[in-house]
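> quick one: sequence and predicted model below, then my questions.
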Amino acid sequence: MADTTPSLALPLIAGGQAQKHVTHNEALALLDALVQLAVLDKDRAAPPASPAEGDRYLIVSGNPSGAWTGWAGRIARFQDGAWLSLKPLTGWTAYVADEAELYTFTGSAWMPFRATITALDNLTRLGLGTGADADNPFAAKLNKALWTALTVAEGGSGDLRYTLNKQAAGNTLSLLMQTGFSARAEIGLTGDDDLRVKVSPNGGDWFDALRIARETGRVAFPGRITVADVPVLTAQVIAGNSGPGSIPAGATRYFTNALVGGHPSVVYAAAGRRGRFRDLRVVTQGAPGAGQSWTVTLQNLFTGTALTCTIAGAGSNQAADLVNSAVFEAADRWCLKIVSSSGAQPTTSILFSLLFEGLD
């Protein structure tokens with residue numbers, strides 16, 4: 001029969017043993033030292049000068065001195081005026097009072113208990129710096145948060161994608177932003193699968209600021225964009241190249257993208273919606289020549305508009321009209337008209353751009 005127990009090395013009383021109380025009391029003292037193990041500190045490399053009876057320490061120093069010499073990794077207990085060495089086994093846990101931290105013995109070192117946790121599954125609540133509840137089973141009270149990708153060297157892909165999922169189109173999946181726990185803005189899929197941005201002055205009244213249709217990608221601004229309470233019209237750029245068709249000296253031609261003709265009806269394009277053309281810019285391959293010019297005008301079918309610019313002389317190949325504009329109805333048709341002076345150089349591949357602001 002062994003003299004001690006296998007786990008805590010408590011002394012066993014032998015049959016017919018004299019002074020059984022000595023062995024019994026020694027076992028009780030060891031139980032008192034190891035059960036509900038709590039130590040005062042783990043960072044000392046030498047015993048304190050005036051320990052109290054029952055004081056316990058973890059000796060994590062690799063080279064302890066004094067009465068603790070050779071006790072690295074052990075538990076030291078001051079008992080009956082002397083230090084007692086207790087050798088831990090893998091899995092023992094100790095509470096370190098000055099850190100309010102649990103430590104676990106791995107078989108070779110004492111590690112913070114939290115560092116030994118590698119998986120937490122099926123938690124029903126988790127609170128970081130605050131309490132979680134039934135409405136908010138995950139809650140965090142902090143000032144900064146970091147999500148970073150697992151690198152290839154660490155076994156990851158280097159990517160980071162944050163995935164949120166809702167059950168059906170009619171449900172809500174959003175980021176809700178609050179001030180003093182009163183909602184002020186929301187971004188997400190709110191009640192359908194279009195991406196929306198909404199704002200609120202009081203948490204109760206909501207205004208759609210932006211909506212992106214899931215089927216087409218078309219962007220809508222339900223509220224008119226304004227600057228200093230003046231409506232601002234969002235515009236699309238219409239740009240093109242007249243193509244290889246040549247425009248000789250003294251000629252009048254009409255063009256849109258990749259089309260040049262002698263009549264507007266050959267090249268015109270429909271406006272498609274009510275809107276305003278502005279900011280006409282034209283760039284040619286060369287200059288018309290000294291004393292010569294090319295004049296480009298936006299046409300509303302057969303009628304010229306106020307939007308026009310002229311490239312003149314031997315040193316210029318571009319012009320713009322950033323002042324005038326022209327309003328078109330949805331059914332109106334537009335093209336650009338170029339008038340070449342009688343001695344101008346032939347030109348081709350005219351680059352142009354316009355801004356078109358929807359007014360409907």
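Yep, that arrived. Please read all numbers here as calculations on a predicted model, not as lab measurements. Numbers count the residues shown, from 1 in each chain.
> apart from its chain neighbours, what residue comes closest to Ser200?
Trp206 (4.9 Å; CB to CB, 6 or more residues apart in numbering). In this view, the C-beta of every residue, glycine as well, is placed from N, C-alpha and C.
> which residues touch the one you found?
Counting by CB atoms under 8 Å, 6 or more residues apart in numbering, Trp206 makes contact with 186, 198-200.
> I'd like the distance between it and Asn324.
Trp206 sits at a distance of 40 Å from Asn324 (criterion: CB to CB, to the nearest Å).
> show me where the stretch 251-360 of the chain has helices.
264-267 (DSSP state H, counting those that start in this stretch).
> point out where it drops to low pLDDT.
Low-confidence segments of the stretch 251-360 of the chain (pLDDT under 70): 360.
> what's next to stretch 58-75, contact-wise?
Contacts of stretch 58-75 (CB under 8 Å, 6+ apart): 33-34, 37, 39, 41-47, 56-57, 76, 82-83, 85-88, 94, 96, 103, 105, 108-110.
> how long is stretch 106-122 from one end to the other?
Taking CA to CA, to the nearest Å, stretch 106-122 runs 26 Å from one end to the other.
> kindly provide the distance from the residue nearest to Ser200 to Arg184.
Distance of Trp206 to Arg184, computed by CB to CB: 10 Å.
> please enumerate the shared neighbours of these two.
199-200.
> quick one, phi psi at Lys141?
Taking degrees, to the nearest 10, you get phi -120, psi 100 for the backbone angles of Lys141.
> wait, it touches Gly131, no?
No. The pair Lys141 and Gly131 does not pass the contact test of CB atoms under 8 Å, sitting 9.0 Å apart.
> what do the two both touch?
By CB under 8 Å, 6+ apart, no residue touches both Lys141 and Gly131.
> from Thr179, how far off is the residue nearest to Ser200?
The value you get for Trp206 to Thr179, if CB to CB is used, is 15 Å.
> now swap in Val267 and tell me
55 Å.
> more crowded one of the two?
A count of neighbours by other CB atoms under 10 Å puts Val267 above the other of Val267 and Thr179, at 24 against 9.
> so what's the closest residue to that one other than its chain neighbours bridging to?
Among residues not flanking Val267 along the chain, Leu259 sits closest, at 4.2 Å (CB to CB, 6+ apart). Leu259 has these beta-bridge partners by DSSP bridges: Thr256.
> surely Ile187 is within a helix?
No. Counting by DSSP: H, G, I helix; E, B strand; the rest coil, Ile187 is not part of a helix but strand.
> what bridges to it?
Leu175, Val197.
> what's the answer for Tyr57, then?
Beta-bridge partners of Tyr57, as defined by DSSP bridges: Ala76.
> residue boundaries of the helices in the stretch 1-150 of the chain?
20-34.
> tell me, please, where in it the pLDDT is lower than the cut-off.
Applying pLDDT under 70 to the stretch 1-150 of the chain flags the ranges 1, 4-12, 15, 21-23, 27, 32-33.
> kindly recompute the last result at 50.
Along the stretch 1-150 of the chain, no part satisfies pLDDT under 50.
> okay, now Ala72: neighbour count?
14.
> against Lys42, how distant is it?
Applying CB to CB to Ala72 and Lys42 gives a distance of 12 Å.
> could you do Ala169 as well?
Taking CB to CB, one finds Ala169 at 56 Å from Lys42.
> swap in Ala14?
Relative to Lys42, Ala14 is positioned 37 Å away (CB to CB).
> looking at the two, which is more packed in?
More neighbours surround Lys42 than the other of Ala14 and Lys42, with 18 against 11 (other CB under 10 Å).
> what's near enough to touch the more buried one?
57-60, 96, 99, 103, 110.
> try 7 Å
By CB atoms under 7 Å, 6 or more residues apart in numbering, Lys42 lies in contact with 57-58, 60, 96, 103, 110.
> now, among those residues, which is nearest to Thr252?
Tyr103 (91.4 Å; CB to CB).
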